[in-house]
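Q: turn this into a model:
(chains A and B)
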There are 2 protein chains.
Amino acid sequence: MKKRVLTGDRPTGKLHLGHYAGSLQNRLKVQATCEQFIMIADLQALTDHFEQPALVRDSVLEVAKDYIAIGLESTVFLQSQIPALSELTMFYMNLVTMGRLERNPTVKAELKQKAFGDSVPAGFFCYPVSQAADITAFQAELVPVGEDQLPMIEQTNEIVRKFQRLYGVGALKECSAMLSETGRLVGIDGKAKASKSLGNAIFLADSAKEIKQKVQRMYTDPGHVHVEDPGCVEGNVVFAYLDVFFADKVELASMKERYRRGGFSDGVLKALLTETLQHFLGPIREKRESLVDRDVLERVLTGSMVARKVADATLLAVKEAMCLNYGSSV
Amino acid sequence: MKKRVLTGDRPTGKLHLGHYAGSLQNRLKVQATCEQFIMIADLQALTDHFEQPALVRDSVLEVAKDYIAIGLESTVFLQSQIPALSELTMFYMNLVTMGRLERNPTVKAELKQKAFGDSVPAGFFCYPVSQAADITAFQAELVPVGEDQLPMIEQTNEIVRKFQRLYGVGALKECSAMLSETGRLVGIDGKAKASKSLGNAIFLADSAKEIKQKVQRMYTDPGHVHVEDPGCVEGNVVFAYLDVFFADKVELASMKERYRRGGFSDGVLKALLTETLQHFLGPIREKRESLVDRDVLERVLTGSMVARKVADATLLAVKEAMCLNYGSSV
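A: Residues are numbered from 1 along each chain as shown, chains lettered A, B, ... in the order given. Model (predicted):
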């Protein structure tokens, strides 16, 4: 039987090449061998974008378009359309202590990044519990994550074990992390990872012109002033992108060698990446532009109905275990 | 139009005379003039009784029996049967900061009483948010509370105002506290209030024998050793109970006078209270014993269906305001 995988994105903007390198390409592989559920996590997006509900709403459609455009065929669903997730969150909130949430390394790191100050929303603070609800509702066995999100998997499994100890086994199962092979894609400015908020990302929906301009702006090697100078490949953003998107790895290795020796201009290098990305993103953009909003939304809502059935079955088992099943509900 | 009132109890045991004095008798009055929804708050009970799901389940039935036995005819419903309450809680969690929850005086006081130590469950810590969901889901205008729960009403209205500021007015309305006239009923031991956990309460379901024994154990006035001694009425548990349950207030004032002067024995006084309580609780107990479990549960589930419609309507309006309404859901 195919293993169940749960994955997804917070809809706070269109997806970019960082998403592709970090997770989307992995999902394309996974969909062939696993039963994959992909959640557009609009409720989770609201935990730190509650002041921008329209942005979240618009992004749901954009993210769904990105999924379809790259060829994802898994069940895509919308978190807010699955009430069972909120009910499970309520039940799990009793199984997690405040101290445990305070010590969650992922949340700690995110709180540092965000400018909440003294005003940390309770919803954001508690989102690991909501994530545990998402994962367990779908009886997911595998959850693709980066290293930095491993504490989330641990938190989920702690909740599952506490639930089992209190209410018996059967309703819930533990999950395993599926560590992605590729790391994070660096931003075009060479700083940190590519992200919408830093304005250093190439979006799947970018026009040919935008792609060209963004590659032009890419950081290469400041020591590589003249064509004949030896160049550095490590930390060179153009090579970081070629590593992910240039298919011929033998040719790429040879180019790196030539760049290191000197005599390989940044202009030629960037032209190569531009061509590579145009070739890759062109069909995605075309597909994306051919999509009709209404159809995209319908696909997400149909996926949500499928997802709802799965989550409702888990909720029923959970309610039975917790003596909360009164027959007529769910 | 009749005002909407929301009230309820955590099902963690049978109801006792403390509940009657503090809230049940008020509900009997209110049901004539207001549209009253009474919630059996099983999810809230689980925030500090998550290790005893069977106790909560059993208590749902016991509390419902108590309601019916005293003559409550309002809509009685079960919190866990209303998924909209969990969804609203999730939305409101983003509108409350951790600092605000930490400063909630009611939760602070309760945390001191409970033996959570360093292990405060997140569900308990956040229950004011869940309470705001309960109140607003039913568009309650009045919420009967004691002085100690006023911060809960304030917290609810803060959430409503923040919601309105972010997402517009229309979906939610603020509520007002309905301060109960009667204070807390003291326990039969004279210590603190009557409560199940302190073992100092007379239950609505107590047998005639239990009532008699509990009145016998009541604290009167330690200085009132001989019948002829002057007795103290203040702090005298028997008089505290007569104040609530003895109908003839003129006669009661005269008895207090005689007790103060001396010559009124504790035995006679207790016999009077026993008779008063037997007279009051006898019919309630009889009615209670005549109830069939299945019928009681059916009444609660029917009430829950009524409540669900009201809460779903609020949820729909809230989702529309938050750009989360996708038409096919709710």
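Q: packing partners of the one helix or strand residue A:256 maps to?
A: Assigned by DSSP states H and E, residue A:256 belongs to helix A:249-261. Here helix A:249-261 touches helix A:237-245, helix A:266-290, going by 3 or more C-beta pairs under 8 Å, 6 or more residues apart in numbering or on different chains; DSSP states H and E. C-beta: built from backbone N, CA, C; applies to glycine.
Q: what's the angle between the shortest one and helix A:249-261?
A: It refers to helix A:237-245. 170 degrees (axes from the mean of the first three to the mean of the last three C-alpha atoms, to 10 degrees).
Q: list the helices and strands helix A:237-245 packs on?
A: Right, helix A:237-245 is packed against helix A:17-19, helix A:249-261, helix A:266-290 by 3+ C-beta pairs under 8 Å, 6+ apart.
Q: just these: most buried one?
A: Compared across the helices and strands packed on helix A:237-245, helix A:17-19 shows the largest average neighbour count, a mean of 23 (mean count of other C-beta atoms under 10 Å in any protein chain shown).
Q: point out where chain A drops to low pLDDT.
A: Applying pLDDT under 70 to chain A picks out residues A:181-183, A:328-330.
Q: now for it: which helix has the highest residue count?
A: helix A:293-321 (DSSP state H).
Q: and the helix or strand containing residue A:100, is it in reach of chain B?
A: Counting by DSSP H and E, the element that carries residue A:100 is helix A:98-102. Yes - contact between helix A:98-102 and chain B, assessed by C-beta under 8 Å from any C-beta of the partner chain, occurs at A:98-99, A:101.
Q: picking up where we left off before, angle of the longest helix of chain A against helix A:266-290?
A: Using the same axes, to 10 degrees: helix A:293-321 against helix A:266-290 is 80 degrees.
Q: what residues of helix A:293-321 count as buried?
A: By 16 or more other C-beta atoms under 10 Å in any protein chain shown, the buried positions in helix A:293-321 come out as A:296-297, A:299-301, A:303-304, A:307-308, A:310-316, A:318-319, A:321.
Q: before we move on, back to that, redo the helices and strands packed on helix A:237-245 as TSV? Include distance to residue B:166.
A: As requested, these are arranged in TSV below (distance: least, C-beta to C-beta, whole Å):
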stretch	distance to residue B:166
helix A:17-19	28
helix A:249-261	49
helix A:266-290	31
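Q: among these, which is nearest residue A:25?
A: Minimum separation from residue A:25 across the helices and strands packed on helix A:237-245 (C-beta to C-beta) falls at helix A:17-19, 9.4 Å.
Q: which residue does the stretch 101-250 of chain A bring closest to chain B?
A: The nearest approach of the stretch 101-250 of chain A to chain B comes at residue A:123, 3.5 Å away (C-beta to the nearest C-beta).
Q: separation between that residue and residue A:134?
A: Look at residue A:123 and residue A:134: by C-beta to C-beta, to the nearest Å, they are 14 Å apart.
Q: same check, this time on residue A:10
A: For residue A:10, the distance to residue A:134 equals 12 Å [C-beta to C-beta].
Q: joint contacts of those two?
A: Common neighbours of residue A:10 and residue A:134, using C-beta atoms under 8 Å, 6 or more residues apart in numbering or on different chains, are residue A:41.
Q: and these two? Which one has more around it.
A: Neighbour count, other C-beta atoms under 10 Å in any protein chain shown: between residue A:10 and residue A:134, residue A:134 has more, with 25 against 21.
Q: which ones are touching residue A:16?
A: A:194-196, A:201-204.
Q: what about 6 Å?
A: A:194, A:201-203 (C-beta atoms under 6 Å, 6 or more residues apart in numbering or on different chains).
Q: which of those residues lies closest to residue A:145?
A: When these are compared against residue A:145 (criterion: C-beta to C-beta), the nearest one is residue A:194, at 18.0 Å.
Q: apart from its chain neighbours, what residue comes closest to that closest one?
A: Excluding the flanking residues, the one nearest residue A:194 by C-beta to C-beta, 6 or more residues apart in numbering or on different chains is residue A:18, at 3.4 Å.
Q: number of nearby residues for residue A:45?
A: Neighbours of residue A:45 using other C-beta under 10 Å come to 25.
Q: pretty sure it sits in a helix.
A: Yes - the assignment for residue A:45 by DSSP: H, G, I helix; E, B strand; the rest coil puts it in a helix.
Q: that one contacts residue A:56, correct?
A: Yes - contact criterion C-beta atoms under 6 Å: residue A:45 and residue A:56 qualify, at 4.8 Å.
Q: okay, and the common contacts of those two?
A: Shared contacts of residue A:45 and residue A:56, defined by C-beta under 6 Å, 6+ apart, are found at residue A:11.
Q: what about residue A:165, how many neighbours?
A: Close neighbours of residue A:165, defined as other C-beta under 10 Å, add up to 11.
Q: for the closest residue to residue A:230 other than its chain neighbours, phi and psi?
A: Once flanking residues are discounted, residue A:230 sits nearest to residue A:262: 4.4 Å by C-beta to C-beta, 6+ apart. Backbone torsions for residue A:262, taken as degrees, to the nearest 10, come to phi 110, psi 160.
Q: residue contacts, residue A:262?
A: Contact partners of residue A:262, counting by C-beta under 6 Å, 6+ apart, are A:228-230.
Q: redo the residues you listed as TSV? Include secondary structure and neighbour count.
A: Shown next, in TSV, are those (DSSP: H, G, I helix; E, B strand; the rest coil; neighbours: other C-beta atoms under 10 Å in any protein chain shown):
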residue	secondary structure	neighbour count
A:228	coil	11
A:229	coil	14
A:230	coil	13
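Q: so who does residue A:79 touch?
A: A:39, A:41-43.
Q: so which of those are in helices?
A: A:42-43.
Q: buried ones from the contacts of residue A:79, can you make that a PyMOL selection?
A: Listed next is the PyMOL selection for buried residues among those, using 16+ other C-beta under 10 Å:
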select buried, chain A and resi 39+41+42+43
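Q: tell me the domain boundaries of chain A?
A: A:4-185+A:292-321, A:208-289 (automatic domain parsing).
Q: buried deepest among those domains, which one?
A: domain A:4-185+A:292-321 (a mean of 20).
Q: end-to-end on it?
A: As for domain A:4-185+A:292-321, its first-to-last residue distance stands at 23 Å under the measure C-alpha to C-alpha, to the nearest Å.
Q: the strand or helix carrying residue A:56 - contacts with which helices or strands?
A: Residue A:56 belongs to helix A:53-70 when elements are defined using DSSP H and E. When contacts are defined as 3 or more C-beta pairs under 6 Å, 6 or more residues apart in numbering or on different chains; DSSP states H and E, helix A:53-70 packs onto helix A:42-49, helix A:266-290, helix A:293-321.
Q: ok, residue A:1 to chain B distance?
A: From residue A:1 over to chain B the distance is 30 Å, taken as C-beta to the nearest C-beta, to the nearest Å.
Q: and residue A:260, by the same measure?
A: 50 Å.
Q: just checking, what packs against the helix or strand residue A:215 falls within?
A: Assigned by DSSP H and E, residue A:215 falls within helix A:208-216. Secondary-structure packing of helix A:208-216 (3+ C-beta pairs under 6 Å, 6+ apart): helix A:266-290.
Q: by how many degrees do the helix it packs on and helix A:53-70 diverge?
A: Between the axes of helix A:266-290 and helix A:53-70, defined by the same axes, to 10 degrees, the angle is 100 degrees.
Q: what about the nearest residue to residue A:97 once chain neighbours are set aside, which SS state?
A: Excluding the flanking residues, the one nearest residue A:97 by C-beta to C-beta, 6+ apart is residue B:119, at 4.6 Å. Residue B:119 falls in the coil class when you classify it by three-state DSSP.
Q: touching the helix holding residue A:215 from outside, list them.
A: With C-beta under 6 Å, 6+ apart as the criterion, helix A:208-216 contacts A:188, A:202, A:270, A:273-274, A:277-278.
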